[in-house]
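Colleague: Model the following, please.
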Amino acid sequence: MLLYIIMEVVENEKIDNVEQLQPFTQEELMNAEKYDPNIDYRKELLKKYENYELPDYTGLDDFVEEQDKVALIRYCNLIIKKNFPEYPSVMEELLVKKMYYDTITNMSKEDYLEEKRQQNNLSTIDKELQKIKDEDNLEYALKDFEKK
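Modeller: Have a look, this model is predicted:
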C-alpha cells in the first residue's frame, strides 16, 4: 500500500526545472576526472611513490625551545582538526608533522634566536607580562580561528 501511495505521489509530482535534480552543473561534469574501471589506481599510486624517501628532519628543530615546539604542535593540530575533521587520526598526524616541519623550515632561525635573547634580557615581571600578552593574543587568534 505504501509503495502504491509513493508511486502516486511521484507520478503526480510536476518538475518544472530539471536542473534541480542534477547535483552537478554541466560544466562540472565536463571538467570532472574520468574514472576508468580498467585502471588499478592503488597500484599506480604505489608505483608512483615506491622510491619515495621521507625527508630527514633530524636536528631541524634543535634551536627551538621545548615550550615553543609544544605550542606549535598544538596549534598545527588545531588547524588540522578544524579544516579536516573527516580525516582519520593517522592522516591528522601526518599533516601535523608536515605542517610543523614546514613551519620550522620556513622560519628564520636568526630572528627566532634574537627574539629569545631579548626575552632573556627582560626582568621577571616583564617576562610574565609578555607571556600573558602572548597567551591572550594566541587565545584571541584561536577563538577567531574557531569561529571561521
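Colleague: Could you give me the buried positions within the helix or strand harbouring residue 99?
Modeller: Here residue 99 sits within helix 89-106, counting by DSSP states H and E. Neighbour-count burial for helix 89-106, counted by 16 or more other CB atoms under 10 Å, picks out 92, 95, 96, 99, 100, 104. For every residue, glycine as well, the C-beta is placed using N, CA and C.
Colleague: Can you give me the neighbour number for the nearest residue to the fifth one once chain neighbours are set aside?
Modeller: If I follow you right, that is residue 100. Nearest residue to residue 100, sequence neighbours excluded (CB to CB, 6 or more residues apart in numbering): residue 76, at 5.2 Å. By other CB atoms under 10 Å, the residues close to residue 76 number 20.
Colleague: Residue 76 in helix, strand or coil?
Modeller: Following DSSP: H, G, I helix; E, B strand; the rest coil, we place residue 76 in the helix state.
Colleague: Pretty sure it sits against residue 101.
Modeller: No. The pair residue 76 / residue 101 is not scored as a contact, 9.7 Å apart, by CB atoms under 8 Å.
Colleague: quick one: contacts of the helix holding residue 99?
Modeller: For helix 89-106, contacts defined as CB atoms under 8 Å, 6 or more residues apart in numbering pick out 55, 57, 60-61, 64, 72-73, 76-77, 79-81, 84, 87.
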